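Asks: just coords:
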Ligand code: M6R
């Protein structure tokens, strides 16, 4: 998943390309590069690592050209170095690419036999040479259509040509791509976010389409090369200003913003004066839905797993959950009366989008739970439930997780009520508790004193485990994911009751184990499982909720107590110390907290 940008203008474009690349860094930060056309030549400047490195290159300031393309990379083929950085160019053509060309090895052999010389280890370079090869005998449009036909896999492309100094070509299959319109200049970008400082007028390309961007107009074509008309959409012109403020990292700020995330979500969906939940314009009748399938990746998948427990508790719906990358290739039994829910912060995750696409092709009911409402997943779903948590910059998802599980909980409550699966009085009680939740999260956030010192033990360990049962199990998985993602410490999330079926063998003297044991229905069972790991030498960090009852166990290394609420809502509170544990652990190790190694915020390749 990489980010691409293109600008065709009357003014020099390199500075604006760099600015847009900074906005696209959430898609990848392995390398950055730019190519412009000037004086009849393609000029390229590339560097390893962040856009800042590229900007520091002394040649950038004087880079000429009123037409150019830029790229930030998340490496798929070939190491993360400047040689493999995009753009990739021949003498005639320069290309930036987001996606994966699956048949690149075969195409490369074919092109080498034709005399083409390759400089990088990337799959992208075959695109450059294929176009160059076709241009020997074809015009530009048929070189493009022929090249696109030969490519297997996914791509969003930006292409400039030495001999066509007045245009940029954009093409899309699988990976998102938008065109933007400005005064005497036009743009190409991976998303509208990258274009927002320049325009709020955009057109999104559909799969198979390509476009030619001139300074004063844009032409669109279908796969066969026939011209088509496309709508120009006007997005809100407000550019969201989001900075770190006094925080050291976005993640720290985003953790602290969680009470606001919850307040926003509750304000949006809970009608406090009538004690009800409003989900306006829900497009289906309640008796048309008898099951629900929730799909996501990473943290969003953990939200789906969390929701499974709530939907089973509060509704009579059959509940299935799936990891998007698995769902998309399985032989699914599509059911007309099933509601398919796609959970994604970015709304651009390639696997989740492909799973949605599959459901749409099978005429299923689709609903998106997303943060970015202009995203591909939001645009393509029948119905959208925004999570309203504001921009999330940290690669590790924090406030978006609480935002997702809040909306899914609200949906479960409402469907339970509509289906008469829960009584009105119980519904009202749960609604009352829900309204208190932001305050409880705020109070839980204030108790961080011990976590900083506790994190040292995790940093010194070979590995760690996170255990929970019932409602706490998805949170154990999420806690483990946060720790490994940020601190590069091996961390495994496990249902506490499963330990004796194998993983108990991992426990050795001094191994840190987080046990989530709030005083819910599972409490006594989890405490017994905790004893089993303590007996084998584990250093247990117990996370529970405040209670007048003493903790029924001995030899616990450390205990953290979160605030108390009803069983349904405890997962929100248990999440907080786990996010902080991961944060402090990475902070002590001096790692890049907002941009952990090998990752990207938006995963737009499968
Ligand atoms: O944008 P999405 O919610 O679809 O992203 C899904 C995952 O890539 C994401 O949650 C990832 O697991 C996070 N980095 C975890 O903190």
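Replies: Sure thing, it's come through. Keep in mind that this is a model prediction, so the values were computed, not measured.
Asks: hey, what's residue 93 bridged with?
Replies: Judged by DSSP bridges, the bridge partners of residue 93 are residue 161.
Asks: which stretches of the stretch 201-350 of the chain have low pLDDT?
Replies: The model of the stretch 201-350 of the chain has pLDDT under 70 over residues 237-240.
Asks: neighbours of the residue in it positioned nearest to the ligand, how many?
Replies: Closest to the ligand within the stretch 201-350 of the chain is residue 298: 1.9 Å, counting by CB to the nearest ligand atom. Every C-beta, even on glycine, is put in place using the N, C-alpha and C of the backbone. Burial of residue 298 is recorded as 22 neighbouring residues (other CB atoms under 10 Å).
Asks: can you pull the contacts of the spatially closest residue to it that is not a sequence neighbour?
Replies: Nearest non-adjacent residue to residue 298, counting by CB to CB, 6 or more residues apart in numbering: residue 481, 6.8 Å away. Listed by CB atoms under 8 Å, 6 or more residues apart in numbering, the contact set of residue 481 reads 298-299, 302, 491, 493.
Asks: try 10 Å this time
Replies: Residues in contact with residue 481 (CB atoms under 10 Å, 6 or more residues apart in numbering) are 298-299, 301-302, 396-397, 401, 466, 491, 493, 578, 582.
Asks: how about residue 365?
Replies: Residue 365 touches 283-284, 288-289, 292, 335-341, 359, 381-383, counting by CB under 10 Å, 6+ apart.
Asks: which residues in the stretch 201-350 of the chain form strands?
Replies: Using DSSP state E, counting those that start in this stretch, the strands of the stretch 201-350 of the chain run over 201-204, 210-213, 218-221, 227-228, 233-234, 270-271, 276-277, 291-296, 318-323, 338-344.
Asks: highest mean neighbour count out of the ones you listed?
Replies: Highest mean neighbour count of the strands of the stretch 201-350 of the chain: strand 338-344, a mean of 28 (counted as mean count of other CB atoms under 10 Å).
Asks: who in the chain is up against the ligand?
Replies: Contact residues, the chain versus the ligand (CB under 6 Å from any ligand atom): 297-300, 344-346, 349, 352, 395-397, 481, 485, 602-603.
Asks: show me those residues that map onto helices.
Replies: 298-300, 352, 481, 485 (DSSP state H).
Asks: could you identify the most distant pair in those?
Replies: 352 and 485 (18.1 Å; CB to CB).
Asks: in terms of neighbours, single out the busier of those two.
Replies: Set side by side, residue 352 and residue 485 show more neighbours around residue 352, with 30 against 21, by other CB under 10 Å.
Asks: the residue of the stretch 201-350 of the chain closest to the ligand touches residue 480, doesn't it?
Replies: No: with contact defined as CB atoms under 10 Å, residue 298 does not count as touching residue 480 (11.9 Å).
Asks: now for this protein, the helix or strand with the poorest mean pLDDT.
Replies: Sorting the helices and strands of the chain by mean pLDDT, DSSP states H and E puts helix 192-195 at the bottom, at a mean of 86.
Asks: look up which residues are beta-bridged to residue 468.
Replies: According to DSSP bridges, the partner residues bridging residue 468 are residue 495, residue 516.
Asks: residue 323 too?
Replies: residue 296.
Asks: could you look up the SS state of residue 429?
Replies: Using DSSP: H, G, I helix; E, B strand; the rest coil, the three-state assignment for residue 429 comes out as helix.
Asks: now it: closest residue in space, sequence neighbours ignored.
Replies: residue 566 (7.9 Å).
Asks: quick one, phi psi at that neighbour?
Replies: phi -70, psi 160 (degrees, to the nearest 10).
Asks: and if you look at residue 370?
Replies: According to degrees, to the nearest 10, residue 370 has phi -130, psi 160.
Asks: same check on the one 3 residues further on?
Replies: Dihedral pair for residue 373: phi -80, psi -10, per degrees, to the nearest 10.
Asks: equivalent analysis for residue 403, please.
Replies: phi -60, psi -40.
Asks: now swap in the one 10 residues further on and tell me
Replies: As for residue 413, its main-chain torsions (degrees, to the nearest 10) stand at phi -60, psi -50.
Asks: close enough to count as contact, it and residue 277?
Replies: Yes: Residue 413 is within contact range of residue 277, at 6.1 Å (criterion: CB under 10 Å).
Asks: what do the two both touch?
Replies: Counting by CB under 10 Å, 6+ apart, the residues touching both residue 413 and residue 277 are 269-270, 427, 431, 434.
Asks: of those, closest to residue 139?
Replies: residue 269 (54.3 Å).
Asks: where does this structure dip in pLDDT?
Replies: 237-240, 448-449.
Asks: tell me the domain ranges of it?
Replies: The chain is divided into the following domains under automatic domain parsing: 3-234, 250-441, 448-589.
Asks: would CSV of these with distance to residue 243 be doable?
Replies: Below are the domains of the chain laid out as CSV (distance: least, CB to CB, whole Å):
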stretch, distance to residue 243
domain 3-234, 13
domain 250-441, 9
domain 448-589, 19
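Asks: would you list the phi and psi of residue 540?
Replies: The phi/psi pair for residue 540 (degrees, to the nearest 10) is phi -90, psi 130.
Asks: wait, doesn't it sit right on residue 560?
Replies: No: Residue 540 is beyond contact range of residue 560, at 11.3 Å (criterion: CB under 10 Å).
Asks: anything in contact with each of these two?
Replies: residue 514.
Asks: that's a helix at residue 450, yeah?
Replies: Yes: according to three-state DSSP, residue 450 belongs to a helix.
Asks: residue 457 is in contact with that one, correct?
Replies: No: Residue 450 is beyond contact range of residue 457, at 11.3 Å (criterion: CB under 10 Å).
Asks: what about the two, which has more around it?
Replies: Taking neighbours as other CB under 10 Å, residue 450 and residue 457 compare with residue 457 leading, 17 against 14.
Asks: nearest spatial neighbour of the more buried one, chain-adjacent residues omitted?
Replies: Per CB to CB, 6+ apart, closest to residue 457 is residue 512, 5.2 Å.
Asks: how many neighbouring residues does the one you found have?
Replies: Residues within reach of residue 512, counting by other CB under 10 Å, total 26.
Asks: now residue 86
Replies: Using other CB under 10 Å: residue 86 sits among 30 other residues.
Asks: surely it touches residue 72?
Replies: Yes: with contact defined as CB under 10 Å, residue 86 counts as touching residue 72 (8.6 Å).
Asks: and for those two, which residues touch both?
Replies: 2, 4, 31-33, 96, 98.
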